[in-house]
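Structure for the following, please:
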Amino acid sequence: QVQLVESGGGLVQPGGSLRLSCAASGSISSISAMAWYRQAPGKERDLVARITRGSSTNYADSVKGRFTISRDNAKNAVYLQMNSLLPEDTAIYYCNADIRLVATPYYIMNYWGKGTLVTVSS
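Next up is the predicted model:
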């Protein structure tokens, strides 16, 4: 019913930048919070950044000042601008969203994308 599709990952050198995008599609009534998580090899999936529908944001300490999350409510999309990338930013980045469906507008369901790989290496 709902799909979250990430794009924009790839290989970048340390100090470089990437912009991740995530678009939600399906029978969507509205989307409240949207977020980016990441999972490095052998580690747990952790929150990177989160944005509410009203564009209030919060970030993991490790990315503050380097990453910026934003969203386009009209496009059901969320973005992650990543600057000054470090090798430790290497991970699979996942999009996450709290969504109300057209068929069940009183319930919020949580959805995940399949992820996009970001590799920071020289």
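
ok, now which ones touch the spatially closest residue to Thr57 that is not a sequence neighbour?
Excluding the flanking residues, the one nearest Thr57 by Cβ to Cβ, 6 or more residues apart in numbering is Ile51, at 4.9 Å. Where you see a C-beta, it was placed from the backbone N, CA and C, and this is true even at glycine. Contacts for Ile51 (Cβ atoms under 8 Å, 6 or more residues apart in numbering) come out as Ala33, Met34, Ala35, Thr57, Ile69, Ser70, Arg71, Val78.

Check which residues of the helix or strand containing the last one are buried.
What that stands for is Val78. Using DSSP states H and E, Val78 sits in strand 77-82. Of the residues in strand 77-82, Ala77, Val78, Tyr79, Leu80, Met82 count as buried by neighbour count, 16 or more other Cβ atoms under 10 Å.

Need those in JSON lines (columns: pLDDT and distance to Ser62).
What follows is the buried residues of strand 77-82, written out as JSON lines (pLDDT from 0 to 100; distance: Cβ to Cβ, whole Å):
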{"residue": "Ala77", "pLDDT": "98", "distance to Ser62": "24"}
{"residue": "Val78", "pLDDT": "98", "distance to Ser62": "19"}
{"residue": "Tyr79", "pLDDT": "98", "distance to Ser62": "19"}
{"residue": "Leu80", "pLDDT": "98", "distance to Ser62": "14"}
{"residue": "Met82", "pLDDT": "98", "distance to Ser62": "12"}
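
what about the strands in this structure?
Taking DSSP state E as the criterion, the chain carries its strands at 2-7, 10-12, 18-26, 28-39, 45-51, 57-59, 67-72, 77-82, 91-101, 109-112, 116-120.

any idea how far Thr119 is from the residue nearest to Thr57?
Applying Cβ to Cβ, to the nearest Å, the value for Ile51 to Thr119 is 25 Å.

ok, now Ala91?
To Thr119, Ala91 is 9 Å away according to Cβ to Cβ.
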